[in-house]
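> Generate coordinates for the sequence data below:
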Amino acid sequence: MKKPLAEFIGTFTLVLFGCGAAVIAGAEIGFTGISFAFGLALIGTAYGIGAVSGCHINPAVSLGAVAAGRMTIAEAIPYMIAQVAGAVVAALVLMIIASGTAGYEGGLGQNGWGEGYLGEYNMVAAFVFEVVATFIFMVVILGATGKGAPAGMAGLAIGLTLVVIHLVGINVTGVSVNPARSIGPALFAGGAALGQLWLFIVAPIIGAVAAGLLFKSGLLDAED
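Residues are numbered from 1 along each chain as shown. A predicted model of the protein is given here:
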């Protein structure tokens, strides 16, 4: 149970502080601050639980690792259950905290697209962004944790990549690249967030699995 527990704690941390930055402090820190909140939360958890579970904290990443041949689907299933559970509990905790002020309007940092959502980008733009951003994210994850990568630097590289992805993508979709991160807030926000949730499950999985298959092919193997 050590690995699923670590994944639960890591995903809980990412969602609570990443989405929490948007919900509680978004007006003060803006998109840049929110971007760093997600990235720094990932860096912290990478060094906190990375030695235990590898710090996937993302079902798409776990499936990408399966596609790359770095874990089996049987190993990935407990990871993904723990990740979604961690995200759901984090969203609940965030809702309890955020609703403690009279000014709370009900948002939980949920993902979305279209009319009324941030930059009002259409579904195609949202889908393409999530696929491509997750693909790049997974390439960095697999490369930074693979053969020949500098020891001890993976967490920093992966976390900073998540910052960049958010800097570009918050106005498009709020940035998912992580089905668990989307599922947690959507379950409590309901409405459009729940209706659009499919995209934030399907697109990240496509991007991550594509990156995993690329590594599995050997085309990005480090030279000896």
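> what's the longest helix along the chain packed up against?
Scanning the chain for the helix with the most residues, using DSSP state H, yields helix 2-53. Under the contact criterion of 3 or more CB pairs under 8 Å, 6 or more residues apart in numbering; DSSP states H and E, helix 2-53 touches helix 73-98, helix 154-173, helix 179-189. In short, each C-beta sits where N, CA and C put it, glycine included.
> So for Glu120, which of these sits nearest?
Glu120 lies closest to helix 154-173 among these, at 9.2 Å (CB to CB).
> With adjacent residues omitted, what lies nearest to the most centrally placed residue in the chain?
Centroid check for the chain by CA atoms, centre = their mean gives Asn178 as the closest residue, at 3.4 Å. Computed as CB to CB, 6 or more residues apart in numbering, the closest residue to Asn178 that is not its neighbour in sequence is Asn58, at 4.2 Å.
> Please report how far the residue nearest to the centre of the chain lies from Asp221.
With the distance defined as CB to CB, to the nearest Å, Asn178 ends up 26 Å from Asp221.
> moving C-terminal of the longest helix of the chain, what's the next helix or strand?
Next in sequence after helix 2-53, counting helices and strands by DSSP states H and E, comes helix 59-67.
> Flag every buried residue along that following helix.
Along helix 59-67, these residues count as buried under the neighbour rule (16 or more other CB atoms under 10 Å): 59-67.
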